[in-house]
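> Take a look and give me a structure for this.
(2 chains)
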Protein chains: 2
Amino acid sequence: MKDTLTDANFPRTADQRVYHLGLRPGEVANRIVTVGSPSRAKTIAKSLDAKPELFELSSERGFLTITGRYKNVPISIVSIGMGSPNMDFFIREVRESVSGDMAIVRLGSCGSLIDLPVGTIVVPQACVAVNRNFDYDFTYPENNGNEPAYRISKPVAADQELHDEVHKALEGAKPAGSKTTILAGIVNASADSFYSSQGRQTSFPDANADLIEHLKASTKDLATLEMETHHLYHLAACWDGRARVAKEAPAPLTTGPVSPVTSRQSSPQQSTTNTQVVSPHSVIRAAGAQMIFASRTSQDFITPEEVDALEHWAGKGVLDALVNLYIPAERLHANQGSVWELA
Amino acid sequence: MKDTLTDANFPRTADQRVYHLGLRPGEVANRIVTVGSPSRAKTIAKSLDAKPELFELSSERGFLTITGRYKNVPISIVSIGMGSPNMDFFIREVRESVSGDMAIVRLGSCGSLIDLPVGTIVVPQACVAVNRNFDYDFTYPENNGNEPAYRISKPVAADQELHDEVHKALEGAKPAGSKTTILAGIVNASADSFYSSQGRQTSFPDANADLIEHLKASTKDLATLEMETHHLYHLAACWDGRARVAKEAPAPLTTGPVSPVTSRQSSPQQSTTNTQVVSPHSVIRAAGAQMIFASRTSQDFITPEEVDALEHWAGKGVLDALVNLYIPAERLHANQGSVWELA
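Residues are numbered from 1 along each chain as shown, chains lettered A, B, ... in the order given. I've put the predicted structure just below:
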């Protein structure tokens, strides 16, 4: 992104592109599938409608957005990389780029902590966060007293209706004869690293030999481990609670509903008039579906062929769930001037 | 990475490539510059020697590794994206891919909290971590009692010798007539997000209106904010302390020094014999240099032209610092079979 930026608080380019994702209003839809890798985003995008032509934007910082329609409904697929910091960039920058409600489903991979075959798909009803405690002394563990080496957060829930839609739509998308189990209602743990905070043993001193056991004992219905879904659920819940919170200081950005600038993709001189404010009480609804790639009980790992097959139909399943979710027309971003506008 | 993987604890492909970076031993050198974006990695790589031909590997997960020589010394440049989870992938997977000592310098961008012009380069002597507390109730702040919304860790130090080399080499690389200030010895804060944990005000309820003030009051010599350097310093310090720590369970990976498999890049049938164990007490030395892109006091932002100029000579500076750091020959990865082997 080689443009001059404005405002160190919430940087944007002169043509209203957010700093890390590179998007501007009209390039991202209210319904979004988010994944970790560009190849998964492209696999899912194969299921989108032929019209309008797909909009694709790769940002300098590694985010890929693909926007089009699925069964005639505007939808985006955003690849964000790994870890909760990238999830934070994605949610906050997209929230400032779209009017109205948002519905977001993560299609990710995970490891299993209970006895489930690799290739199983889980739909987490809630997530906890597992974070390395940087104040723990990993070199002198005997000095730590009651300080824990890892902090396990309270659970935060998915949107119940979207969770149920994802479960139902995945069952509907499953190919005839498939032996894949789809397990909804589980609890997932999102860790701040793939290794230490997920109880993996490496050659670093991580004081994590009993972490998995401790996680299972402290978190009811815990089944899986990955790195992003908790932050999605957490920020969606925070957004929905924002109306209750008195701002301690005036926010330089939107303080009520988002009211971004809409612009045509192809126009070098885009409009800078604000769109109609759509609702004073927009929501962010979040759910997830995770494919078990690794079993932490058997040490099995999924094959590339199984990944290809799963991504294809599970991708269709999460697209179906998103278009099946009802969002009132007045709580959707305007079609006019968007990349999903039909000619 | 479409290969069958083995071992859910520390996944590798059959030809010994680590899962997320895609590297195998002999493709990454003991001296490493790490950056956030592929374009910065490529800018720095322009300063490398003409021989041997540069080795470049982009992984499916967004990591880019460039290996070659600088002033005849083997060196790698690794682009890792943003956030401490990506720093964790980088350090742990590279540690398992190279024998001997490691010296790592991050060349990143940051925001300033004190009155410094954009374009200033800082060399942090220590870092603290700032993490969102997921157990804080952001919707009902009145329910939190003494629970803080953000946790600020203790500081962790850079390697003093490498910090000093970076400072000295940057001064040496600065073009004649440049007005750039280079400020060593400061303290940097690495946050788990660009927005809430860095005190930016968005439309989410973040309970962070007084975070910057609190950070400045609690952390002596604090000058800058970014997202990765603390984790680099932290894991380097943990590694160096590992000899003191009795493992609670046998590690399936290296328990002492790293003893990886070396293989020639171009050979389809690579050797799988272990290299000589180089030292029972290898170290990881870490330091950083950060270019101030945004001033949080003036709200100024750097221009793209200033970024280009800075990256070019600061890149040379950190390369110089790394080759100036003495590492005994017996604590270096073998040249034989590596991508930096001279014909």
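> Give me every residue in the stretch 1-150 of chain A lying close to chain B.
Counting by C-beta under 8 Å from any C-beta of the partner chain, the stretch 1-150 of chain A comes close to chain B at A:2-11, A:20, A:36-37, A:39, A:60-62, A:81-86, A:88-89, A:92, A:95-96, A:111, A:129, A:131, A:134-135, A:138-141. To be clear about C-beta, it is placed using only N, CA and C from the backbone, and glycine gets the same treatment.
> Can you turn the buried part of these into a ChimeraX selection?
To isolate the buried members of these in ChimeraX, using 16 or more other C-beta atoms under 10 Å in any protein chain shown:
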select /A:5,8,9,10,11,20,36,37,39,61,62,81,82,83,84,85,86,88,89,92,95,96,111,129,131,134,138,139,141
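> Could you list which of the residues of the stretch 1-150 of chain A next to chain B belong to helices?
Among those, the residues falling in helices (DSSP state H) are A:Ser39, A:Ser84, A:Pro85, A:Asn86, A:Asp88, A:Phe89, A:Arg92, A:Arg95.
> Now do the strands in the stretch 51-200 of chain A.
All strands of the stretch 51-200 of chain A, identified by DSSP state E, counting those that start in this stretch, fall at A:55-58, A:64-70, A:73-79, A:102-112, A:121-132, A:150-152, A:156-157, A:182-191.
> What helices and strands are in contact with the fourth one?
Okay, so that is strand A:102-112. Of the remaining helices and strands, those touching strand A:102-112 by 3 or more C-beta pairs under 8 Å, 6 or more residues apart in numbering or on different chains; DSSP states H and E are strand A:31-35, helix A:84-95, helix A:160-173, strand A:222-226, helix A:229-240, strand A:284-295, helix A:304-324.
> Could you list the paired strands of it along with their orientation?
Applying DSSP bridges, strand A:102-112 is found paired with strand A:31-35 (parallel), strand A:222-226 (antiparallel), strand A:284-295 (parallel).
> got it, and the last one?
Each strand that strand A:182-191 pairs with, and the sense of that pairing, follows from DSSP bridges: strand A:121-132 (parallel), strand A:222-226 (parallel).
> quick one: buried residues of that strand?
Judged by neighbour count (16+ other C-beta under 10 Å), strand A:182-191 contains these buried residues: A:Ile182, A:Leu183, A:Ala184, A:Ile186, A:Val187, A:Asn188, A:Ala189, A:Ser190, A:Ala191.
> Nearest to chain B among these?
Nearest to chain B, judged by C-beta to the nearest C-beta, of these is A:Ala191 at 8.4 Å.
> Quick check, pLDDT for the closest residue to the closest one other than its chain neighbours.
Among residues not flanking A:Ala191 along the chain, A:Ser197 sits closest, at 3.6 Å (C-beta to C-beta, 6 or more residues apart in numbering or on different chains). pLDDT recorded at A:Ser197 is 98.
> So A:Ser197 sits against A:Val128, correct?
No: A:Ser197 is beyond contact range of A:Val128, at 11.5 Å (criterion: C-beta atoms under 8 Å).
> Those two: who's more crowded?
Comparing A:Ser197 with A:Val128 by other C-beta atoms under 10 Å in any protein chain shown, the one with more neighbours is A:Ser197, at 28 against 22.
> ok, back up a step: now mean pLDDT too, for the strands of the stretch 51-200 of chain A, in CSV please.
Converted to CSV, the strands of the stretch 51-200 of chain A look like this (pLDDT from 0 to 100):
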stretch, mean pLDDT
strand A:55-58, 98
strand A:64-70, 98
strand A:73-79, 98
strand A:102-112, 97
strand A:121-132, 98
strand A:150-152, 98
strand A:156-157, 98
strand A:182-191, 98
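> Which helix or strand contains A:Gln299?
Using DSSP states H and E, A:Gln299 is not contained in any helix or strand.
> and the gap between it and chain B?
Distance from A:Gln299 to chain B, counting by C-beta to the nearest C-beta, to the nearest Å: 5 Å.
> number of nearby residues for that residue?
When neighbours are defined as other C-beta under 10 Å, A:Gln299 has 13 of them.
> Excluding chain neighbours, give the residue nearest to it in space.
Nearest-residue entry for A:Gln299: B:Ala8, 4.8 Å, with adjacent residues in sequence omitted and distances by C-beta to C-beta, 6+ apart.
> Which pLDDT value goes with the one you found?
For B:Ala8, the model assigns a pLDDT of 74.
> Enumerate every residue touching it.
Counting by C-beta atoms under 8 Å, 6 or more residues apart in numbering or on different chains, B:Ala8 touches A:Gly111, A:Ala294, A:Ser295, A:Arg296, A:Gln299, A:Asp300, A:Phe301.
> what's the last one sitting at in phi/psi?
Meaning A:Phe301. phi -130, psi 140 (degrees, to the nearest 10).
> just checking, it touches A:Ile292?
No: with contacts defined as C-beta under 8 Å, A:Phe301 does not count as touching A:Ile292, sitting 10.1 Å away.
> Can I get the contacts of B:Ala8 in JSON lines including distance to A:Thr67?
Formatted as JSON lines, the contacts of B:Ala8 follow (distance: C-beta to C-beta, whole Å):
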{"residue": "A:Gly111", "distance to A:Thr67": "31"}
{"residue": "A:Ala294", "distance to A:Thr67": "32"}
{"residue": "A:Ser295", "distance to A:Thr67": "35"}
{"residue": "A:Arg296", "distance to A:Thr67": "36"}
{"residue": "A:Gln299", "distance to A:Thr67": "39"}
{"residue": "A:Asp300", "distance to A:Thr67": "36"}
{"residue": "A:Phe301", "distance to A:Thr67": "33"}
